[in-house]
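[1] Fold the stuff below for me.
(chains A and B)
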Amino acid sequence: MADKSSSNAYWKANIRMIQLFLIIWFVASFGFGIILRPMLMGIAVGGSDLGFWFAQQGSILVFLVLIFVYAWRMNKLDKEFGVEE
Amino acid sequence: MDQFTLNLLVIGATFALYIGIAIWARAGSTSEFYAAGRGVHPILNGMATGADWMSAASFISMAGIIAMAAAGGYEQSAYLMGWTGGYVLLALLLAPYLRKFGKFTVPEFIGDRFYSKTARMVAVACLIIASVTYVIGQMTGVGVAFARFLEVKSSTGLYIGAAIVFAYAVLGGMKGITYTQVAQYCVLIIAYTIPAIFISLNLTGNFLPQTGLFGTHTASGVALLTKLDQLVTELGFRQYTGMTTNMLNMVLFTMSLMIGTAGLPHVIVRFFTVPKVADARASAGWALVFIALLYTVAPAVGAMARLNLTTTFWPNAVAGQAFDGEAISVDSIANDPQYNWINNWAKTGLLKFEDKNGDGQIQYYNDKNADVAAMATAKGWTGNELTTVNNDIMVLANPEIAHLPGWVIALVAAGGLAAALSTAAGLLLAIASAISHDVIKGALNPDISEKGELLAARIAMAVAIGVATYLGLHPPGFAAQTVALAFGIAAASIFPALMMGIFSKRINNSGAVWGMLSGLIFTLVYIFIYKGWFFFPGTNQLPDTVDNWVLGISPLSIGAVGALVNFGVAYAVSMTSKEPPQEIQELIEGIRVPKGAGAATAH
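    Here you go, the predicted model:
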């Protein structure tokens, strides 16, 4: 089992990553898809605007990328700290 | 071959497949019954999660809700983002840690982490209310799909569906359910995307519905969404892509659906079936891949079906303005074979039209819009004549509207049944495990043998199927409130408790119990004020309209606020009482790192 100080550093690194990823998660859906849509109205995307595209397609694609990148980065982090299974 | 025989063949073949899997994947131990022996490949688990997650509502109703919403299709994006964004929360905040914890049910984690039987039982109650509400909708969905496609009574259809679920859920438990769900996912995704691809090709020349939605409408030469916006506003409806008028509510609704998704026990337990913590993270990604295949197609199906429906009733609208030409005539609906689908669905009552002014035409427009109504009166129209369009038509009649061959129609029928059955099985397993593992083994009879528990789990499953069948035949008032009740409870009560249990070492037993109860009661009371106490009609304090909602927050969106109440109360109560004992702090340390299964409990 990893000693306490290294598992603390592991956990801190994980928390930092989660914070960053949740910011992107929020901006892509609640941000571009809803709250910021009025500001993005000028950017036309196929008969509508960028905000509409994010609300009905883009946010879901961002979610997908987020999960896989998180899984990949965490696997690397697990190995760095020697806590992988 | 006629349509009925074709439906029977395709549905019969899929059912034979499910039964075959049930016999192959029998469960021999409690670990297989509750968690499929923890040997499911992450990609297969992703598919099973997709089928588990995508219910009759996702398959049959969602595209229609987006297409026909009075507020426009944009505002309904809350469903698309909400029902997918929750997987990010699952992957980042819950799934890997709950997998590491390595037990069988969600209430078990809450009970162990908060060292409190009360917390465990509150979680069991939340799980059962949320899952029972949810499962009733699936059972009625099975009955309805049978009734429409196999011309049997919906009660007969329900019995057949229940018998199939009984076969693989009682025999195979999670193992049987998982592998059946993999097959059901394949059936439902093929059934959903084939008609969508043809319709997208038809309207826009784009093979992918996702790009077709933002492509050009070939018949008119303008962008599809621009065309749709022009057309629906001409008929007096709200612009399809128009901005929401209630941004706060849309944000909270999306948030409630997201954290509700992450907090629904039947979804969480799917991540207990993979071999490793790293697999749980990856599996959430695969689940979203398979879910996104349907969820990125659904808005295209919605917009295209709305356009097709409108141009069917206003043939001139295909290339020009709707009102520049004549409306569809009663005569062509009756005699022109391309309009057969209108008659087929009129028979089911999901579509109704009536030539109110007797001019031999069916004028479809929004008679609530003052400008359009004034123009209509001037033309001698006496109200909208397409009186009923059920949302579900948008998916169910899609293959007929696009003139696709009979086997595609049969496939849609099998797909709808697969969506409803797979979700029902997942929910029933969550209910049965809560009863056999949390109530019987956890509280009533802790010394029960593994064999005894497995038998108890099978009996609980059989009883749960019986109860769900009964409730499907006689749906109580709350059955229609899946979104408010199931997602509200999961969001306000379960999700915060799980998250705090992993990310805070300071939240203690009383904090968790008071937090869950306050989140739950706050959410339920807000819903009851507008929807009626315990959903009894007429007992609501205030009318369920936007003017009466506090700050314009709908009862469907209150779960996100309930979650904040839960976090706040849990924090305040924990800070003013004793911190959790040493062994609990070590348990939390243990679930935070993938390595060393059982390290925390070995102390």
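
[2] Could I get the full set of strands for chain A?
    Secondary structure of chain A by DSSP state E: the strands cover A:44-45, A:48-49.

[3] Adding mean pLDDT, write the ones you listed out as JSON lines.
    As requested, those are exported to JSON lines (pLDDT from 0 to 100):
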{"stretch": "strand A:44-45", "mean pLDDT": "93"}
{"stretch": "strand A:48-49", "mean pLDDT": "94"}
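
[4] need those in a markdown table with mean neighbour count and distance to residue B:576, can you?
    C-betas here are computed from N, CA, C, even on glycine. As requested, the strands of chain A are exported to a markdown table (neighbours: other Cβ atoms under 10 Å in any protein chain shown; distance: least, Cβ to Cβ, whole Å):
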| stretch | mean neighbour count | distance to residue B:576 |
| --- | --- | --- |
| strand A:44-45 | 16 | 52 |
| strand A:48-49 | 24 | 49 |
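
[5] Out of the ones you listed, the one nearest residue A:84 is which?
    strand A:44-45 (41.5 Å; Cβ to Cβ).

[6] helices or strands next to that closest one in the packing?
    helix A:50-53 (3 or more Cβ pairs under 8 Å, 6 or more residues apart in numbering or on different chains; DSSP states H and E).

[7] helices or strands next to the helix it packs on in the packing?
    helix A:37-40, strand A:44-45.

[8] wait, which of these is closest to residue B:135?
    helix A:37-40 (35.9 Å).

[9] Now do the same contact list for residue 37.
    Reading this off chain A. A:49, A:51-52, A:54-55, B:243 (Cβ atoms under 8 Å, 6 or more residues apart in numbering or on different chains).

[10] my question was about chain B
    Contacts of residue B:37 (Cβ under 8 Å, 6+ apart): B:29, B:31, B:175, B:273.

[11] What is the nearest of those to chain A?
    Chain A lies nearest to residue B:273 out of those, by Cβ to the nearest Cβ, at 15.8 Å.

[12] Burial check on that closest one, number of neighbours?
    When counting by other Cβ atoms under 10 Å in any protein chain shown, one arrives at 29 neighbours for residue B:273.

[13] So what touches stretch B:173-181?
    Residues from elsewhere that reach stretch B:173-181 (Cβ under 8 Å, 6+ apart): B:18, B:21-22, B:24-27, B:32-37, B:40, B:44-45, B:47-49, B:51-52, B:168-169, B:172, B:269-270, B:273, B:422, B:425-426, B:429, B:457-458, B:461.

[14] Help me confirm that residue A:70 comes into contact with residue A:21.
    Yes - Residue A:70 lies in contact with residue A:21 (Cβ atoms under 8 Å); the separation is 5.5 Å.

[15] which non-adjacent residue is nearest residue B:280?
    residue B:99 (4.0 Å; Cβ to Cβ, 6 or more residues apart in numbering or on different chains).

[16] any weak-confidence spans in chain A?
    A:1-6 (pLDDT under 70).

[17] which residues touch the residue minimising distance to the centre of it?
    Here the mean C-alpha position of chain A is nearest to the C-alpha of residue A:21 (Cα atoms, centre = their mean), at a distance of 3.0 Å. With contact taken as Cβ under 8 Å, 6+ apart, residue A:21 is in contact with A:66, A:69-70, B:88, B:92.

[18] Restrict these to the buried ones and give me that as a ChimeraX selection.
    Of those, the buried ones go into a single ChimeraX selection, burial set by 16 or more other Cβ atoms under 10 Å in any protein chain shown:
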select /A:66,70 /B:88,92
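
[19] Output the contacts of residue A:21 as a markdown table; include the columns distance to residue B:287.
    Output for the contacts of residue A:21, formatted as a markdown table (distance: Cβ to Cβ, whole Å):
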| residue | distance to residue B:287 |
| --- | --- |
| A:66 | 14 |
| A:69 | 16 |
| A:70 | 14 |
| B:88 | 11 |
| B:92 | 14 |
